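> Could you work out the structure for the sequence below:
(chains A and B)
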Amino acid sequence: MKTLRPLVFAFAIGAAAFAADPIPVKVSTDTSGASTRVVLTFAKKVACGVVEDAGHVKIVCDAAIAPDPGSGTPDDAILKSFGPEGDRTIVLATGRGYRRVDTFELKNPTRLVIDLEGTRTGKAVQVPAAPQKPLPVIVLDPGHGGVETGAIGPTGLQEKNLTLDLARRLKALLERQGVTVVLTRDEDRVLPLDDRTAIANHNRAILFISIHLNASKRKSAVGAETFFLATGATDAEARTLAGLENKAYEPPEAAGAAATPATPPDHGLELILWDLAQNSFLVESSKLAEAIQTELNTASGVRDRGVRQAPFRVLMGATMPAILIEAGFISNPEEEARFKDDAYKDKVAEAIARAVASITARP
Amino acid sequence: MTRRFFVPPVFLLVALLPACGGQNKTAPEPVPATPPPADAAAATPQDETPLVRASVTLYFPSATGDTLAAESREIVDTKRPADRGAQILAALLEGPKTEGALPALPKDTTLRQLWVRNDGNAYADFSEEFMTGATGGSADEILTVYAIVNSLTQNVPAIRRVGILVSGRERATFGHLDLSRPLPPDLTLAAKAKATE
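Residues are numbered from 1 along each chain as shown, chains lettered A, B, ... in the order given. Predicted structure coming up:
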């Protein structure tokens, strides 16, 4: 493998500051699964894009990188080899079995996971015996966890415990419908919002359902509502934003003379793509939200607050229909009391399960 | 629709104080509710830049439902979007004056600065106290964020989206909500008054 020359880029204002030294990237491959997985672990945050080409999948980054191949070259039917090209690109040479590429990102450390899908007919590669059509996956996301308790009711009922309780009840019901259910957390721990979405994307879930309980200073606030994402940007606007990436930052007009210079908001490419991910699924998401809200309404004792849109961070990056349920206000004493009752919690879980069945049953 | 009248220069100074925002922790001087008589201008013939006042509509969390309640205020009719927006946010920080509305932002929150860019995006930079407004429920978070966004976008034509910064830094989230990009207004919060409690 040839040595990379350190190179300073005047490519983008943001990149120029730290592009002097190439960013070390650890490359690891895993051929044990059905797809061949390549994981790039970056020493620091860098924005990369994936370009598909005949016989190649290229990972192009906006800063100089120094890939370290780790141990072992794959040489299977899907991925033949990989190596650097120039200072910012890693080239994956794909084999005859390669069909398509799928990527997602993880944080801490920054990782780009590249799944090369296809078929392996090679002898050395283990093919899973009698590959049946896998069950569709639904990812349930119990809100909050760990020190992030979420809302707390007047008698101390904690949102994080109730969301996990509801998610486990719902999981049992959904599994009877012939789907695989993955919980983003099945224990009491902190989980960043973006990681929750990443779990849904990684599992190629057909639905992502985030479960929450609401709270308000208004103690009278009661009832359930289902949200889908308010993106705030059309695709065209987001593309325009992306096009602005390489332009110099223009200081905005400031109010008042005593201006503390603030850092301009850094709308990296990664952020825009993450935001846009859910844009393609808004229609399906709204249908799922409608179905769930309708069922929650018929579950007696739940006050209808309707289907709404809001910029919930946890829904932004989801590459499937994604909704967030606020199942009730635990700040309201009566509603908090109801959520201590197993029968009521079952009723709520059953309502959501019926709605999911009505969506997944469609052709 | 806007009543036009002149005010003496000393009043101009008082009225612009909240607009300057800054790190001034003390509450801005309240703007007189009743306008001075129209002949007040005659008493100050040396005033070369007569001020016009404008009526704006502020949006506060409703006390009775998950909507925004409108309240009108008078501000100095400055044309500069950033000055106009800063006056609106100063009035929003002062809190509601009617019983049907609740404070939009946590107590002691101050506006550090407001920028308005040519692309229609405004960035409001609040003090650290802003983050204490995320107390666990998305319902209140939504009303806090859109009280700010709707109040600015509905009164300042040059502002179409509002980004929120805290202590000069961009924040990924405010509770459940994404703050990484400027938000357009949510007009459904004011329009549908069906959710009364």
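> Name the single longest helix found in chain B.
Secondary structure of chain B per DSSP state H: the longest helix is helix B:138-153.
> what's the next secondary structure element after it?
Next in sequence after helix B:138-153, counting helices and strands by DSSP states H and E, comes strand B:161-166.
> elements contacting that following strand?
strand B:121-126, helix B:138-153 (3 or more C-beta pairs under 8 Å, 6 or more residues apart in numbering or on different chains; DSSP states H and E). C-beta coordinates here come from the backbone N, C-alpha and C atoms, glycine included.
> Figure out which of these is closest to residue A:304.
For residue A:304, the closest of the helices and strands packed on strand B:161-166 is helix B:138-153, at 14.7 Å, according to C-beta to C-beta.
> Just the buried residues of stretch A:288-306, please?
Residues of stretch A:288-306 classed as buried by neighbour count (16 or more other C-beta atoms under 10 Å in any protein chain shown): A:288-297, A:299, A:302-303, A:305-306.
> What segments of chain A are helices?
Using DSSP H, helices in chain A cover A:13-16, A:159-175, A:193-202, A:235-243, A:269-279, A:282-298, A:313-316, A:333-338, A:342-360.
> what does the third one contact?
Right, the one you point to is helix A:193-202. A:104-107, A:113, A:139, A:141, A:182, A:184-185, A:208, A:210, A:274, A:277, A:313-320, A:322, B:173 (C-beta atoms under 8 Å, 6 or more residues apart in numbering or on different chains).
> Residue A:143: neighbouring residues, count only.
30 (other C-beta atoms under 10 Å in any protein chain shown).
> same question, residue A:147
So residue A:147, with other C-beta under 10 Å, has 9 neighbours.
> Pull the contacting residues for it.
For residue A:147, the contact set (C-beta under 8 Å, 6+ apart) comprises residue A:190.
> about what we covered before: quick one, the longest helix of chain B and strand B:161-166 angle?
120 degrees (axes from the mean of the first three to the mean of the last three C-alpha atoms, to 10 degrees).
> What's the mean pLDDT across helix B:138-153?
Confidence for helix B:138-153, expressed as mean pLDDT, is 96.
> how far is that helix from where the chain is centred?
Between the centre of helix B:138-153 and the centre of its host chain there is 11 Å, according to C-alpha atoms, centre = their mean, to the nearest Å.
> So is that helix next to chain A?
Yes: residues of helix B:138-153 contacting chain A under C-beta under 8 Å from any C-beta of the partner chain: B:138-140, B:142.
> does residue A:64 really touch residue A:87, like I thought?
Yes: in this structure residue A:64 lies within contact range of residue A:87 using C-beta atoms under 8 Å: 4.4 Å.
> Comparing those two, which shows the higher neighbour count?
residue A:64 (23 against 17).
> gap between the more buried one and chain B?
Distance of residue A:64 to chain B, computed by C-beta to the nearest C-beta, to the nearest Å: 26 Å.
> Per-residue pLDDT of that residue, please?
88.
> likewise residue B:4?
At residue B:4, pLDDT is 46.
> how about stretch A:93-107 against chain B, any contact?
No: with C-beta under 8 Å from any C-beta as the criterion, chain B is not reached by stretch A:93-107; the gap is at least 11.1 Å.
> Keep only the buried residues of stretch A:288-306 that also lie close to chain B.
Of the buried residues of stretch A:288-306, the ones that also sit near chain B (C-beta under 8 Å from any C-beta) are A:305-306.
> of the buried residues of stretch A:288-306, closest to chain B?
residue A:305 (6.0 Å; C-beta to the nearest C-beta).
> who touches the closest one in this structure?
Taking C-beta under 8 Å, 6+ apart, one finds A:223-225, A:326, B:66, B:195 in contact with residue A:305.
> OK, contacts around the closest residue to it other than its chain neighbours?
Spatially, and ignoring its direct neighbours in sequence, residue A:305 is nearest to residue A:225 (3.7 Å; C-beta to C-beta, 6 or more residues apart in numbering or on different chains). Residues near residue A:225 by C-beta under 8 Å, 6+ apart: A:214, A:293, A:305-308, A:325-326.
> Tell me what residue A:225 is bridged to.
Assessed by DSSP bridges, residue A:225 has beta-bridge partners residue A:326.
> Present the helices and strands packed on strand B:161-166 as CSV; the columns should include distance to residue A:171 and mean neighbour count.
Formatted as CSV, the helices and strands packed on strand B:161-166 follow (distance: least, C-beta to C-beta, whole Å; neighbours: other C-beta atoms under 10 Å in any protein chain shown):
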stretch, distance to residue A:171, mean neighbour count
strand B:121-126, 40, 24
helix B:138-153, 23, 26
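> Which one, of the ones you listed, ends up nearest to residue B:161?
Closest to residue B:161 of the helices and strands packed on strand B:161-166 is strand B:121-126 (C-beta to C-beta; 5.0 Å).
> between the closest one and helix B:138-153, how big is the angle?
Relative orientation of strand B:121-126 versus helix B:138-153 (the same axes, to 10 degrees): 120 degrees.
> What strands flank strand B:121-126, and is each parallel or antiparallel?
Assessed with DSSP bridges, strand B:121-126 is paired to strand B:111-116 (antiparallel), strand B:161-166 (parallel).
> Deepest in the core, which of those is it.
Comparing these by mean neighbour count (mean count of other C-beta atoms under 10 Å in any protein chain shown), strand B:111-116 ranks first with a mean of 26.
> Which parts of chain B are helices?
Using DSSP H, helices in chain B cover B:9-20, B:40-43, B:81-94, B:138-153, B:188-191.
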